[in-house]
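**Q** Next input, structure requested:
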Amino acid sequence: MAKSRSVVELTTRYDLGGVDKIRSLCLSPHSDSQTLVYLGTFSGSILLLSLDTSTNIVARLGTVSLSASPVESIFVLGQERGKVLALCNGYLFLVDSLLSQSAKRLGGVLKGINVVARRVRGRESSSSTDLLLLPSEVSGESSSSKKFLQMIGGGSRVSDVKGKDLRREGVLHQGRYVFAVAIGERMLLIELQCDEEDGKGDSFVVLKEIVGIGGVKTLVWLDDYVVAGTDKGYSLISCVTGQSGVIFTLPDVSGPPLLKLLCKEWKVLLLVDNVGVVVDTNGQPVGGSLVFRRRPDSVGELSFYLVTVGDGKMELHQKKSGACVQSVSFGPEGCGPSVLAVDEAGDGNLLAVTTMSKVIFYRRVPYEEQIKDLLRKKRYREAISLVEELDSEGEISKEMLSFLHAQIGYLLLFDLRFEEAVNQFLKSESMEPSEVFPFIMRDPNRWSLQVPRNRYWGLHPPPAPLEDVVDNGLAAIQRAIFLRKAGMDTPVDEEFSSNPPSRADLLESAIKNMTRYLEVSREKDLSHPVREGIDTLLMLLYRALNRVEDMENLASSVNNCVVEELESLLNESEHLRTLAFLYASKGMSAKALAIWRLFAKNYSSGLWQDSDDLVPYLHGNELIRLSGKEAAAAEAARILEEPCDPELALQHLSWISDINPLFAIQVLTSDKRTEELLPEKVIQAIDPQKVEIIQRYLQWLIEDRDYNDPQLHTSYALSLAKSALECVEVQNGNQETDTGSREAHDCNVGSISLFEIDVRERLQTFLQSSDLYDPEEILNLIEGSELWLEKAILYRRIGQETVVLQILALKLEDCAAAEQYCVEIGRPDAFMQLLDMYLDPQNGKEPMFKAAVRLLHNHGESLDPLQVLEKLSPDMPLKLASDTILRMLRARVHHHRQGQIVHNVSRALDVDSRLARLEERSRHVQINDESLCDSCFARLGTKLFAMYPDDTIVCYKCYRRLGESKSVTGRDFKRDVLIKPGWLVNR
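**A** The predicted structure is shown next:
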């Protein structure tokens, strides 16, 4: 069970002097500093007391006698010059709020009343509480509610004093109140109208009568339902339909029923002995049961607490859990039934409890004081729980909530509960991250002026470095343990006292949690100096925890670290990788590269032993793992890829290429660089032995950057040619030693290759694609080599066709390439020249009869048979060429005859066309006096006329206008030729 805390405190007491005993109680605020207290006595009187809340002085103002029976209940109607309704001896009495006049009894049917309850409207109701809606105000109600309100308008008026018509206007009037009264076996719903001016117009209207409900001892009316309690149980009654239903029945042996309306939640509390059940307006239980220590005589609601009184004790319970948070004794055991009332119409902080003849007043302690008291006693969890309850109930502002979280966090931090402290800091929206700077770096420092001087409650010492906080906290724990052993009660953490933590563990926990807070704070929108402080101090905390990976991630990302504050510290602790990343992120490329070069040098020289654990490196979107020196070269290359001083790139290019030429190529071919590197300086900076790097760089310049410098193209071709010559020599040497089966295709065994394509293939591709290099210079280099295909390409460039054919046909024996080259030349003598080479290779080489037959077969129609026969060697077997020569001769004869046929057909067509033209020109036409021009429709008579091939006739004037080729029909005979059937060749 939680320890008791002070939720309410005693304000004052008032003793009636033992003359009379108190039966009922009601509080009503009269002004900001005055509260009226109405006491109903067993003798049938109402006493009026006044409590001055500023001085806690109680004064007796008046009394009025109602009857000789006890006053069961009191209701205050209205505030200033209002009325007081009391139930006494089965009747309802009205009296003015100051008890200055005699009471008036309401007669008629209102007699023999057991209990009375006032109607209360819930939060979802459209009207204010305590008032009845008239028919003109029910547009938003359900149909059943409308019917009930129509019944209200038809209620019978019962009054012994003449009053006013209740429905004379469609608006609410002040002084109308609705009550439910239980009389015997029935329940009446009445509307009470009080005239506050003179009191002569007091009347009531019976709105509805519900029968069949007897033995009611307690009532609560909320919205359209009445909860009634009897000795048998609790029932829910609908005010609209009059139907009732049982919520639950009471055990045979139980105390009388007791109901309490919970105005904050608009629910009802039902008591079954010492167990409370909360139900909603539909009678459905909400949440779990609340178990009290004893059966209460009366129940009240104070903020989010339930207050119970009985047997001389008052207890305050949490509504949600039912846990008792405070117990107050106000009288001896067996002092009789007690009555409780809360100032619900005022600020809700005042409550009064009665014994038989005394009234004790209590006031709720402000929540700030409650939290302060809990924090002083180091009851942090209860303080946090109270803050969360205040927030959930909406009784605390966001600013105050953030302040309390920060205040609790500070106390937890100085009490060495670092994780809980940071959790509270993170919940505070108003706490600035710079407030924790003094815990990490001693004052004065660069950010001392950024630390706000927030005013807290003064419950904790001023901020100090975490080492001091831990030392002081441990000293306080030892002091508290000593005092406890000496018999003094001191607040101390039981876990710490039984098992004191070590200083190292506490300091590590403090740094870890402070790191967590700064990591979250990085995401906030803060000023630049504060961001600098967060990132710099976060780096220091990572360093203290030796979290190298986090240090490097922070340094390599976008950060606001101050290099001057970290440079010497990182050097001393030898976190050089982190320092290099930090230099690079701040644009200090020269310093960063110097560190990476130092790394590579120490690893390469053996001064540092490279770890077996490979370093992760993000290459593009692929995560690869590299050795220590490779990682250093990779990071250096990443820096040089970005815009930087070209001289810096040339300075570090050499050692990067020594480790991995791929990284050097990344530097040289970077598209991110704004200032281009001069090719001459780049070539000078690269070791001439690193041929592939030079070639890859030149290839990038030519292919990707479109460089058109002939000297550059020639240099690239010469470099490729030299590499090709070396590769051929290596292959020849491997073949001679019979070890070339595996290594003949790789001229750089054991090294990293920058190309996927063989060097000869690259050379051939470049020689064919580029027109800017000097072919003679390349030929001079490879003249005595076996690079025949490359020679063929170069000789072709300079136009030596015969040499090209000799290389293709005789050296390479590539018949297809030789024939294709002849096709490209496009002259018949090229094929004869190739045939001659096949038949007479010279240099002691055997004739290539199969190649010659292939040539005759594929391109025989382009050759002269007589020349072919002359070229044929007598040594050539006839069976190899007979078929080909026969086919060639037949094709020749066929071609000659086909030409004759075409010639004769052309001559016949020409003769026919001439004859047709002659016939057309010698054609006659007959014209008479009735003949008309097809264009102007004038009579031709003896005029000159013309006739077109489509037989249209026009006068000479129209002929001159239309022209020779275009007739009246619009047909142009030059574009659309007219052919008549008689003109076709019919022979």
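**Q** Mind splitting this protein into its structural domains?
**A** Domain assignment for the chain, taken from the TED database, gives 106-123+174-291, 296-364, 367-500, 625-707, 708-729+756-785, 800-923, 924-986.
**Q** Please produce a markdown table containing the ones you listed, extended by mean neighbour count.
**A** Just so you know, the C-beta spots here come from the backbone N, C-alpha and C atoms, and that holds for glycine as well. Output for those, formatted as a markdown table (neighbours: other C-beta atoms under 10 Å):
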| stretch | mean neighbour count |
| --- | --- |
| domain 106-123+174-291 | 18 |
| domain 296-364 | 19 |
| domain 367-500 | 16 |
| domain 625-707 | 18 |
| domain 708-729+756-785 | 17 |
| domain 800-923 | 14 |
| domain 924-986 | 13 |
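**Q** which one of these lies closest to residue 12?
**A** With C-beta to C-beta as the criterion, residue 12 lies closest to domain 296-364 of those, at 5.1 Å.
**Q** Now find how far off-centre the closest one is within its chain.
**A** Distance of domain 296-364 from the chain centroid (C-alpha atoms, centre = their mean, to the nearest Å) equals 50 Å.
**Q** For that domain, give the mean pLDDT please.
**A** Averaged over domain 296-364, pLDDT sits at 90.
**Q** and residue 841, what is it in contact with?
**A** Residues near residue 841 by C-beta atoms under 8 Å, 6 or more residues apart in numbering: 810, 847-848.
**Q** what about it, is that helix, strand or coil?
**A** Assigned by DSSP: H, G, I helix; E, B strand; the rest coil, the conformation of residue 841 is coil.
**Q** hey, where'd the strands end up in the stretch 51-200 of the chain?
**A** With DSSP state E, counting those that start in this stretch, the ranges of strands along the stretch 51-200 of the chain come out as 57-65, 71-77, 83-88, 91-96, 104-106, 113-120, 156-158, 176-183, 186-193.
**Q** Among those strands, single out whichever gets nearest to residue 503.
**A** Residue 503 lies closest to strand 57-65 among those, at 57.3 Å (C-beta to C-beta).
**Q** which parts of the closest one are buried?
**A** Neighbour-count burial for strand 57-65, counted by 16 or more other C-beta atoms under 10 Å, picks out 58, 64.
**Q** Now distance to residue 221 too, for the strands of the stretch 51-200 of the chain, in JSON lines please.
**A** Shown next, in JSON lines, are the strands of the stretch 51-200 of the chain (distance: least, C-beta to C-beta, whole Å):
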{"stretch": "strand 57-65", "distance to residue 221": "26"}
{"stretch": "strand 71-77", "distance to residue 221": "12"}
{"stretch": "strand 83-88", "distance to residue 221": "14"}
{"stretch": "strand 91-96", "distance to residue 221": "15"}
{"stretch": "strand 104-106", "distance to residue 221": "18"}
{"stretch": "strand 113-120", "distance to residue 221": "4"}
{"stretch": "strand 156-158", "distance to residue 221": "20"}
{"stretch": "strand 176-183", "distance to residue 221": "5"}
{"stretch": "strand 186-193", "distance to residue 221": "8"}
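**Q** closest to residue 918 out of those strands?
**A** strand 113-120 (126.7 Å).
**Q** Show me the shaky parts of the stretch 1-150 of the chain.
**A** The stretch 1-150 of the chain contains residues with pLDDT under 70 at 1-3, 79-81, 123-150.
**Q** Residue 715 is in contact with residue 701, isn't it?
**A** No: in this structure, residue 715 is not within contact of residue 701 by C-beta atoms under 8 Å, at 10.2 Å.
**Q** helix, strand or coil for residue 845?
**A** Under the three-state scheme (three-state DSSP), residue 845 adopts coil.
**Q** Quick check, it in contact with residue 810.
**A** Yes: judged on C-beta under 8 Å, residue 845 makes contact with residue 810 at a distance of 7.0 Å.
**Q** any residues in contact with both of those two?
**A** With C-beta under 8 Å, 6+ apart, residue 845 and residue 810 have no common neighbours.
**Q** circling back: would you convert the domains of the chain into CSV that also reports distance to residue 45?
**A** Output for those, formatted as CSV (distance: least, C-beta to C-beta, whole Å):
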stretch, distance to residue 45
domain 106-123+174-291, 18
domain 296-364, 13
domain 367-500, 38
domain 625-707, 95
domain 708-729+756-785, 111
domain 800-923, 132
domain 924-986, 128
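**Q** So for residue 35, which of the ones you listed sits nearest?
**A** domain 296-364 (6.1 Å).
**Q** Pairing partners for residue 93 in the sheet, please.
**A** Listed beta-bridge partners, residue 93: residue 86, residue 105 (assigned using DSSP bridges).
**Q** quick one: contacts for it?
**A** Taking C-beta under 8 Å, 6+ apart, we find residue 93 in contact with 66-67, 85-87, 103-106.
**Q** how about the spatially closest residue to residue 373 that is not a sequence neighbour, phi and psi?
**A** Leaving out its chain neighbours, the residue that sits closest to residue 373 by C-beta to C-beta, 6 or more residues apart in numbering is residue 6, at 6.2 Å. Note on residue 6: its backbone torsions stand at phi -90, psi 100 [degrees, to the nearest 10].
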